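[1] Quick one, what's the 3D model for this:
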Amino acid sequence: MTSQLFANIYLNELDQFVKHELKVKYYLRYTDDFVIVHQDELYLKNTLFCIQKFLENILYLTLHPKKVLIRKYSQGIDFLGYVILPHHTVLRTKTRKRMFTKLKQRIKEHQRGNISQKTIEHSLQSYLGVLFHADAYEVSQNLWDGVWRWGNE
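    As a prediction, the model looks like this:
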């Protein structure tokens, strides 16, 4: 999508600043979401302050005040629809609920004749691909079961 492309191009300056000026070792960004991992809370607060100033003064952007979190690694890192914990990764609850709701809607659209069976299959495969990256075997099984159950209602 063009918005993702533009975010990656525009925020490249942020990447360069974080990696080369601030010398952050564990930094990850996807479009407008980013994570910095470090064991020292004061380091994270100082880094956050520097990033906020850079974004405001150079890129004319601000961080969303309700979406900036400093938390312990054991609490998990909420990133891109997953919660990454020290020894496993789970799907965010909101993501799981949205996935089931949308797939159920697609099945209803198919029953009304608005979309093809192939479209449902593509959606299902996409969701299963998302689930593959998490410890979500049971969720995958529930999704499969839901498709058959909803399709026969």
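
[2] Please make it C-alpha for all contacts and neighbour counts, starting now.
    Fine.

[3] so residue 23 sits in a helix?
    No: with DSSP: H, G, I helix; E, B strand; the rest coil as the criterion, residue 23 is coil rather than part of a helix.

[4] How many residues are close by it?
    Neighbour count of residue 23, defined by other Cα atoms under 10 Å: 12.

[5] measure the residue nearest the centre of the chain to residue 20 for me?
    What sits nearest the mean C-alpha location of the chain, by Cα atoms, centre = their mean, is residue 80, with 0.9 Å. Separation of residue 80 from residue 20 (Cα to Cα, to the nearest Å): 25 Å.

[6] can you check residue 48 too?
    Separation of residue 48 from residue 20 (Cα to Cα) stands at 15 Å.

[7] ok, those two, which is more surrounded?
    Neighbour totals were compared for residue 48 and residue 20, and residue 48 leads with 17 against 11 (other Cα under 10 Å).

[8] and that one, that's in a helix?
    Yes: checked against three-state DSSP, residue 48 lies within a helix.

[9] Next one: it relative to residue 115, how far apart?
    Distance of residue 48 to residue 115, computed by Cα to Cα: 46 Å.

[10] all strands of the protein, in order?
    For the chain, applying DSSP state E gives strands covering 27-30, 33-36, 77-79, 82-84, 89-91.
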